[in-house]
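Peer 1: Here is the input, now give the coordinates:
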Amino acid sequence: MISRVTSFILRGVRAESCRIEVDLSPHGLPTMGIVGLPDAAVRESAERVRTAIRNAGFAWPRSRLTVNLAPADVRKEGPVYDLPIAAGVLAASGAIRGASTGGRRIQDWPMAGELALDGTVRPVRGVFALAELASRTGAAGVVVAAESASEARLVSDLPVVGVRDLQGLATFLDGLDPVPTTDEKTRASVIDPHERHRPSNIDLASIRGQSSAKRAVEIAAVGGHNLLLVGPPGCGKTMIARGLVDLLPPLGREEILEVQAVRSAAGLPFDVEALSRPGFRTPHHTSSPAALVGGGTNPRPGEVSLAHHGILMLDELPEFSAAAIDALREPLEDGVVTVARAAGTVRFPASVVVVGTMNGSRSGGAGSSNDQGVDRRVLDRIGGAVLDRFDLHVIMRATPVAALLDPPDGPSTVEVRQRVVAARRFGAARSGPLNARLSGERLDAACSLDRRSLHRLGAMVEELGLSSRAFDRIRRVARSIADLHGSSSVRSTHLEEAVGYRVLDRD
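Peer 2: Residues are numbered from 1 along each chain as shown. Below is the predicted model:
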């Protein structure tokens, strides 16, 4: 007898259908074999499934079992298939009723989950992609671990069945439990440990001085511009960079779905209370290129994708390896990461605001500096191609000790956030992406300049030795400055301020 169950194969942040066929044959030794390019974790499913079924109170069939994972030419990995294999074994052995005898058609309910030896069901990564696949293919619903049910309910109105053990799965597939309603509220699961390091209550007003840096983070928050802060230790670079995330408005519905798809593919915990909160990631400078932008035999998202629609803070940027810095070029320019492997190519979204910090000079030795007093050897570690992709460069000076005794100055984080939200609302009337992502005709329409202003900008770019890429990025920054001022047109004062932030790549 053959039973068929549906599960999924995770490719990047999207899922492809996987058909699991379980054959129970009276011929041959009572063993269990899994075919269809399984990895070690999938092959070990045989022992987990056998032990879990017995400990859950079901009889293990004394016949040869063959499990086929189709398509057979695509590699399968992870404990995702424990639950569907167990369901197939129960159906093939007659432990649960089929559709003809009052049970449910198990192939209409895609499922995924890891089995403990006592029969309980554990969550797996990629549940969000499974629910999206079920919605796309017209399935009856999805069956996942109870801890993953809230995550799956974000995708669509399809029924989501959360099972805690094999007994609960068998009861549902037997048709004894009703189909859950789709209006059940999404509940919080486990809090992401990374959130413990998330900055909070960093009030910009508490940072003495550094008005130019505060202005720059406000502009970066409006348009989603990449920002590079340069200054001596202790001048407030890291505090200002961390304060940027509190200036961003909450995520919208589509942004939440995109972010959760990446987090689910990476196996991060689901937390409903943090759904609308922009992400904040601070990888260590020893991170490898694969950890930063994604990779692996079956590619997983990296830090830049986990910060999608949020902040990626690279503290002490020159201390990262040259390969890791070079890997940032594509996401900084295009907002996506493309990882190519022999098995195929996957794309991860990476629309982030990258905030880098660095000291202006190295300790020890003499080196040539530019007109801002920044050691050229430090800039060479970043490279011109990556440096060119930072829209805002801010040189910070050490704050005098006397200024630390003064009361807080400047606007608070709440006031700045209100200005950022108002500016984004003003820019949203153009019905386009954030200013940092404008290009081509959209950029020309949003930042239309008269002939005199256009020639003046071209002359400034040529005089300073900036690149043609910098020409467009200056216009984008100027558009964000104009949005802050509520101006429908970009004026010469906006352009001059935007040019003032290109200080590190001048010739």
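
Peer 1: Just want the phi and psi numbers for residue 241.
Peer 2: For residue 241, the backbone dihedrals (degrees, to the nearest 10) come out as phi -60, psi -40.

Peer 1: In what element of secondary structure is the nearest residue to it once chain neighbours are set aside found?
Peer 2: Leaving aside its sequence neighbours, residue 241 sits nearest to residue 355 (Cβ to Cβ, 6 or more residues apart in numbering; 4.4 Å). C-beta: built from backbone N, CA, C; applies to glycine. Per DSSP states H and E, residue 355 falls inside strand 353-358.

Peer 1: ok, and what's touching that strand?
Peer 2: Identification of contacts with strand 353-358 by Cβ atoms under 8 Å, 6 or more residues apart in numbering yields 220-221, 224-230, 237-238, 241, 244, 248, 304, 310-318, 328, 331-332, 378, 382, 390, 436.

Peer 1: Averaged pLDDT, it. What do you get?
Peer 2: Rounded to a whole number, the mean pLDDT of strand 353-358 is 94.

Peer 1: re the thing from before, burial count for the residue nearest to residue 241?
Peer 2: 30 (other Cβ atoms under 10 Å).

Peer 1: Equivalent analysis for residue 503, please.
Peer 2: 18.

Peer 1: That one contacts residue 393, doesn't it?
Peer 2: Yes: using Cβ atoms under 8 Å, residue 503 makes contact with residue 393 at a distance of 4.7 Å.

Peer 1: Mind pulling up the pLDDT for residue 55?
Peer 2: Here, the pLDDT recorded for residue 55 equals 95.

Peer 1: Make sure it is actually in contact with residue 86.
Peer 2: No: using Cβ under 8 Å, residue 55 is not in contact with residue 86, being 11.6 Å away.

Peer 1: between the two, which one's more packed in?
Peer 2: Neighbour count, other Cβ under 10 Å: between residue 55 and residue 86, residue 86 has more, with 28 against 16.

Peer 1: so which strand or helix has the more buried one?
Peer 2: Secondary-structure assignment from DSSP H and E places residue 86 in helix 82-92.

Peer 1: Identify the residues contacting that helix?
Peer 2: 1-7, 20-24, 34, 45, 48-49, 52-53, 58, 61, 65, 67, 95-96, 98, 106, 111-115, 121, 143, 145, 163, 166, 169-170, 173.

Peer 1: Mind checking which of the contacts of strand 353-358 land in strands?
Peer 2: 227, 228, 229, 230, 311, 312, 313, 314 (DSSP state E).

Peer 1: packing partners for the strand ranked longest in the chain?
Peer 2: Ranked by residue count, the top strand of the chain under DSSP E comes out as strand 14-25. With contacts taken as 3 or more Cβ pairs under 8 Å, 6 or more residues apart in numbering; DSSP states H and E, strand 14-25 sits against strand 2-11, strand 64-70, helix 82-92, helix 127-137.

Peer 1: and that strand, which residues are buried?
Peer 2: Buried positions in strand 14-25, judged by neighbour count with 16 or more other Cβ atoms under 10 Å: 14, 15, 17, 18, 20, 21, 22, 23, 24.

Peer 1: just stretch 343-355 next, same as before
Peer 2: Quick answer for stretch 343-355 (16+ other Cβ under 10 Å): 346, 347, 348, 349, 350, 351, 352, 353, 354, 355.

Peer 1: quick one: it to chain centroid distance?
Peer 2: Centre-to-centre, stretch 343-355 and its host chain are 8 Å apart (Cα atoms, centre = their mean, to the nearest Å).

Peer 1: likewise stretch 322-331?
Peer 2: Its chain's C-alpha centre and that of stretch 322-331 lie 17 Å apart, by Cα atoms, centre = their mean.

Peer 1: got it, and stretch 272-284?
Peer 2: Relative to the centre of its chain, stretch 272-284 is centred 9 Å away, using Cα atoms, centre = their mean.

Peer 1: same question for it, mean pLDDT?
Peer 2: The predicted model gives stretch 272-284 an average pLDDT of 89.

Peer 1: now do stretch 459-466
Peer 2: The pLDDT scores in stretch 459-466 average 88.

Peer 1: now do stretch 123-130
Peer 2: 95.

Peer 1: Need the distance between the two termini of that stretch.
Peer 2: Distance across stretch 123-130, first residue to last, is 12 Å (Cα to Cα, to the nearest Å).

Peer 1: quick one: contacts of that stretch?
Peer 2: For stretch 123-130, using Cβ under 8 Å, 6+ apart, the contacting residues are 7-8, 10, 13-15, 78-80, 110, 112-114, 142, 144-145, 147-148, 151-152, 154-155, 260-261, 263-267.

Peer 1: Pick the most deeply packed of the helices and strands packed on strand 14-25.
Peer 2: helix 82-92 (a mean of 27; mean count of other Cβ atoms under 10 Å).

Peer 1: Report the angle between it and strand 2-11.
Peer 2: Here the directions of helix 82-92 and strand 2-11 differ by 170 degrees (axes from the mean of the first three to the mean of the last three Cα atoms, to 10 degrees).

Peer 1: and helix 82-92 with strand 14-25, angle?
Peer 2: Orientation check (the same axes, to 10 degrees): helix 82-92 against strand 14-25 gives 30 degrees.

Peer 1: what's the spacing between helix 82-92 and its chain's center?
Peer 2: Averaging C-alpha positions (Cα atoms, centre = their mean) puts helix 82-92 33 Å from its chain's average.

Peer 1: mind saving the C-alpha coords of it as CSV?
Peer 2: Presented in CSV, the C-alpha positions along helix 82-92 are these (Å, rounded to 0.1, in the frame of the first residue of the first chain):
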residue,chain,number,x,y,z
ASP,A,82,9.9,13.7,10.3
LEU,A,83,6.2,14.6,10.7
PRO,A,84,5.1,13.9,7.1
ILE,A,85,7.0,10.6,7.0
ALA,A,86,5.3,9.6,10.3
ALA,A,87,1.9,10.6,8.8
GLY,A,88,2.6,8.5,5.7
VAL,A,89,3.6,5.5,7.8
LEU,A,90,0.4,5.7,9.9
ALA,A,91,-1.7,6.0,6.8
ALA,A,92,0.0,3.2,5.0
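
Peer 1: So for that helix, mean pLDDT?
Peer 2: On average, helix 82-92 scores 95.

Peer 1: Give me the angle between it and strand 64-70.
Peer 2: Relative orientation of helix 82-92 versus strand 64-70 (the same axes, to 10 degrees): 130 degrees.

Peer 1: Quickly list the domain ranges of the chain.
Peer 2: Using automatic domain parsing, the domain parsing of the chain gives 2-173, 194-430.

Peer 1: Mind putting the ones you listed into JSON lines with distance to residue 488?
Peer 2: Below are these laid out as JSON lines (distance: least, Cβ to Cβ, whole Å):
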{"stretch": "domain 2-173", "distance to residue 488": "37"}
{"stretch": "domain 194-430", "distance to residue 488": "9"}
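
Peer 1: and the ones you listed, which one is worst for confidence?
Peer 2: Per-stretch mean pLDDT for the domains of the chain is lowest at domain 194-430 (a mean of 85).

Peer 1: now for the buried residues of strand 14-25, which pair is the farthest apart?
Peer 2: With Cβ to Cβ as the measure, no two of the buried residues of strand 14-25 lie farther apart than 14 and 24, at 32.8 Å.

Peer 1: Name the nearest residue to residue 78, sequence neighbours excluded.
Peer 2: That would be residue 41: by Cβ to Cβ, 6+ apart, it lies 5.4 Å from residue 78.

Peer 1: Perfect, that will be all.
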